[in-house]
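Trainee: Fold the following and give me the result.
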Amino acid sequence: MPNALSLLLGRALLAAVFIPAGLQKLMGGIDGTAGMIAGAGLPAATALAWAAAIFEIVAGLAVLVGFQTRIASVLLAAFCLFTAFMFHNGPITMPDFPDAANGMLTLFNQIMMFKNIGLAGGFLVLAGAGAGAWSLDARGAKA
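Mentor: So this is what the prediction gives:
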């Protein structure tokens with residue numbers, strides 16, 4: 001597969017995680033996100049939820065179209081690592097849930113943590129490689 005095509009597909013697949021997540025937050029998920037943020041002990045949970053939603057959309061779109069890709073990729077890698085260790089690290093214990101259900105929630109949470117770590121790795125690779133020939137970064141370099 002040509003390098004330009006693999007970088008384009010990689011950017012699209014990475015962006016496909018963040019753009020819908022940010023839109024979902026804006027379309028009614030802010031309260032749930034704010035609750036998760038508050039539950040982690042962070043201040044200004046609602047403001048942080050809005051910031052996360054906007055960041056996910058803007059940075060996701062930047063990666064998708066290949067605009068300031070290295071910067072957006074480093075920021076998204078940091079975001080992935082922060083969320084992995086802040087929100088997906090540790091057991092889940094829901095009151096009145098059976099032990100087996102809490103065990104499955106804990107397993108799911110661990111999977112989410114390692115998914116975020118893997119995404120951070122993908123973003124760091126993209127930061128190193130750049131957006132590729134089929135990107136706004138490449139068009140800007142030619143101007």
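
Trainee: Tell me which stretches of this protein form helices.
Mentor: For the chain, applying DSSP state H gives helices covering 3-24, 30-39, 45-65, 69-87, 99-129, 136-142.

Trainee: what residue ranges in the chain are flagged as low confidence?
Mentor: 1, 143 (pLDDT under 70).

Trainee: The helices of the chain: which one's closest to Thr93?
Mentor: Taking CB to CB, helix 99-129 is the member of those nearest to Thr93, at 5.2 Å. The way it works is simple: take the backbone N, C-alpha and C, and place the C-beta from them, glycine included.

Trainee: So for that closest one, what gets flagged as buried?
Mentor: Under the neighbour-count criterion of 16 or more other CB atoms under 10 Å, helix 99-129 has Met113, Asn116, Leu119, Ala120, Gly122, Phe123, Leu124, Leu126, Ala127 buried.

Trainee: Equivalent analysis for stretch 124-143, please.
Mentor: Of the residues in stretch 124-143, Leu124, Leu126, Ala127, Gly130, Ala131, Gly132, Ala133, Trp134, Ser135, Asp137, Ala138 count as buried by neighbour count, 16+ other CB under 10 Å.

Trainee: how many neighbours does Ala12 have?
Mentor: 12 (other CB atoms under 10 Å).

Trainee: ok, it touching Leu64?
Mentor: Yes: applying CB atoms under 8 Å, one finds Ala12 in contact with Leu64, separated by 6.1 Å.

Trainee: Reformat the buried residues of helix 99-129 as a markdown table; add distance to Ala38.
Mentor: As requested, these are exported to a markdown table (distance: CB to CB, whole Å):
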| residue | distance to Ala38 |
| --- | --- |
| Met113 | 20 |
| Asn116 | 20 |
| Leu119 | 24 |
| Ala120 | 24 |
| Gly122 | 29 |
| Phe123 | 27 |
| Leu124 | 30 |
| Leu126 | 32 |
| Ala127 | 31 |
